[in-house]
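Peer 1: Build the 3D model from these lines:
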Amino acid sequence: MLLDDRCQYDSYSGIIVSKIILVKWSKFVHITEYIIFKKPDIIINLIISIILYMYMYLITIRQDLDTISSILYRTFEIPPFKRNYDTAFGQIANILYRYGLTTENTRNLRFRFILCMQEFFDSIPENQWKVKDPQFIKQSEEFAITKFREWITQQIT
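Peer 2: Modelled structure (predicted):
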């Protein structure tokens, strides 16, 4: 049984939206929305614009993630006692600020990165750690950068 039928017309895009609520034996069964396009060319342009915007947004995210990775790789190329972590994570915080991650300051990002590094060491038994081996340290840094990128992606999306 049809109880309610409401229509809205948007004069800009020429869309008619009908909302039909079906009720059977006094119980709510289904809400269905029908969209009828009066001017398909406007809708097609709108859909293309949305797709292009999403594509550009994804390109920007990828570029920013690559920038963050390069900041970290450059930081780890410097000998450990000369590294300036505050500058590196400050640059990363500035990038993340554009995505609305305003609570992530330099100290929080450093701590998050340390947790990513710890995840690498937790996956390996302690008797197999080779902290004097530069290759092992490099592997842990790359793992941490990858995990850090994944964490950033989760925060942004």
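
Peer 1: contacting residues around Glu104?
Peer 2: Contact analysis of Glu104 by C-beta atoms under 8 Å, 6 or more residues apart in numbering lists Ala93, Leu96, Tyr97, Arg112, Gln155. Where you see a C-beta, it was placed from the backbone N, CA and C, and this is true even at glycine.

Peer 1: Helix, strand, or coil at it?
Peer 2: Secondary structure assignment for Glu104 (DSSP: H, G, I helix; E, B strand; the rest coil): coil.

Peer 1: One more: Gly100?
Peer 2: coil.

Peer 1: count of neighbours near it?
Peer 2: 9 (other C-beta atoms under 10 Å).

Peer 1: Got phi/psi on it?
Peer 2: For Gly100, the backbone dihedrals (degrees, to the nearest 10) come out as phi 90, psi 10.

Peer 1: pLDDT score for it?
Peer 2: Here the pLDDT value assigned to Gly100 is 83.

Peer 1: circling back: any quick ChimeraX command for the buried ones out of the contacts of Glu104?
Peer 2: The ChimeraX selection below is limited to those of the contacts of Glu104 classed as buried (16 or more other C-beta atoms under 10 Å):
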select :93,96,112
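
Peer 1: Now secondary structure too, for the contacts of Glu104, in a markdown table please.
Peer 2: Below are the contacts of Glu104 laid out as a markdown table (three-state DSSP):
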| residue | secondary structure |
| --- | --- |
| Ala93 | helix |
| Leu96 | helix |
| Tyr97 | helix |
| Arg112 | helix |
| Gln155 | helix |
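
Peer 1: Quick check: buried residues in the longest helix seen in the chain?
Peer 2: In the chain, with assignment by DSSP state H, the single longest helix is helix 40-77. Residues of helix 40-77 classed as buried: Asp64, Leu65, Ile68, Ser69, Ile71, Leu72, Thr75, Phe76 (neighbour count, 16+ other C-beta under 10 Å).
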